[in-house]
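Pasting a predicted model and its sequence here:
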Amino acid sequence: MKVFDPNAAAQPDSGIFCLPHTPDEAKVVLLPVPWDVTTSYRAGTANGPQAILAASRQIDLFDVETGKPWMAGIAMIQEAAEIRAMNTEARAIAEPVIAAGGAGRDPDLETAVKRVNVMSAKLNKYVRDQVVQWLDRGKLVGVIGGDHSVPFGAIEAVADRHPGLGVLHVDAHADLRDSYEGFTFSHASIMHNVVTRLPDVGRLVQVGIRDLCEAEYDMIRKSNRRILTHFDAELAMRRLAGESWAGQCERIIDGLPGEVYISFDIDGLDPAMCPHTGTPVPGGLSFAEANYLIGSVVRSGRRIVGFDLNEVAPGPDGDEWDANVGMRLLYKMIGWSLRSHGISH
């Protein structure tokens, strides 16, 4: 490891969290995916990975809960220029469909939907191949989106290695639509695709959900408990009636198997923490509650085998608040994930 002072200011050429590690040296490898093709309310999450990278250089690396996760080595690989270019192209194709609320029977819009679906499938393959490559080298891999359609390939790759794993999904939205506006791999369909296309995922446990359609609610109800959804309103009502968050977390975690993949949409937090995210919704978790929930996975003896963070969008005029919150949540996820593997400093 290079000589490094964790108490010093970030150096201009430093990597994520001002660290000097290369991906080969690091235990934790982060895959940035600049993709927000199907974001239906407001775009900008494609710039999330770079905003998180820039904001991360302001962090203090010592963490009173997880110690010094940086010592295991953390590196973000280079953003792929071809993915950035494909996002720009696909977003331009998708925008007329989004503006129309779907293709309807317009043949031009139907063609656009088909083109976007092909490009989204290509994105899924890219993410899967990248994650497989780093898993093969013994890395703990985290994906940074982009919109929440991004991590499908990552969940697929990790589930292949850990059949029966559980997905802990923190989000304002259920993301269980079979498609949205015709887009098969929409940000609103990620968990529908996980449940219907990935048989190695044993259970989906959702937390903070407060915005969903009736069809999504029916899918949850008919899932025979393969999907366990902890609605934000129900969690809030129980807390207001006196149930502790610690008790709620114990009940949430009880539904997960021994190996866990965490898929975290930043809009699962109170929108005061992420005002510029693609689809903010009132309610949600505080930063402390989210951190306690992730820590509860580890304290229960379960192992975090992969994770993603999505929908972080920089604000206008260089506002870094969303990225600041996102990078701190990311560092907590990394720290807890390492501890779940018995790696602590």
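Nice, thanks for sending it over. Everything numeric here is computed off the predicted structure, so don't read it as measured data. Numbering: from 1, shown residues only.

Check which helices and strands the one helix or strand N117 maps to sits against.
Assigned by DSSP states H and E, N117 falls within helix 107-135. In terms of contacts (3 or more Cβ pairs under 8 Å, 6 or more residues apart in numbering; DSSP states H and E), helix 107-135 is packed against strand 28-33, helix 81-100, strand 140-145, helix 152-161. Bear in mind the C-beta positions are built from the backbone N, C-alpha and C, glycine included.

quick one: buried residues of the last one?
Buried residues in helix 152-161, counted by 16 or more other Cβ atoms under 10 Å: 152-159.

cool, and the second one?
Buried residues in helix 81-100, counting neighbours by 16+ other Cβ under 10 Å, are found at 83-84, 86-87, 90-91, 93-94, 97-98.

Who are the packing partners of that helix?
Looks like helix 81-100 contacts helix 107-135 (3+ Cβ pairs under 8 Å, 6+ apart).

again with the last one
For helix 152-161, the helices and strands in contact under the criterion 3+ Cβ pairs under 8 Å, 6+ apart are helix 107-135, strand 140-145, strand 165-170, helix 190-197, strand 259-265, strand 303-310.

For the last one, list the C-alpha coordinates in CSV.
Right, the one you point to is strand 303-310. What follows is strand 303-310, C-alpha atoms only, in CSV (Å, rounded to 0.1, in the frame of the first residue of the first chain):
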residue,chain,number,x,y,z
ARG,A,303,-23.3,-11.4,5.5
ILE,A,304,-23.6,-8.6,3.0
VAL,A,305,-22.4,-10.0,-0.4
GLY,A,306,-23.0,-7.0,-2.6
PHE,A,307,-24.6,-3.6,-2.7
ASP,A,308,-25.7,-0.7,-4.8
LEU,A,309,-26.6,3.0,-4.3
ASN,A,310,-28.7,4.8,-6.9
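
and it, which strands flank it?
Strand 303-310 has the following sheet partners, assigned by DSSP bridges: strand 140-145 (parallel), strand 259-265 (parallel).

So, low pLDDT: which residues of the chain?
1-2 (pLDDT under 70).

so what's the residue minimising distance to the centre of it bridging to?
Nearest to the geometric centre of the chain sits L309, at 2.8 Å (Cα atoms, centre = their mean). For L309, the beta-bridge partners are I144, F264 (DSSP bridges).
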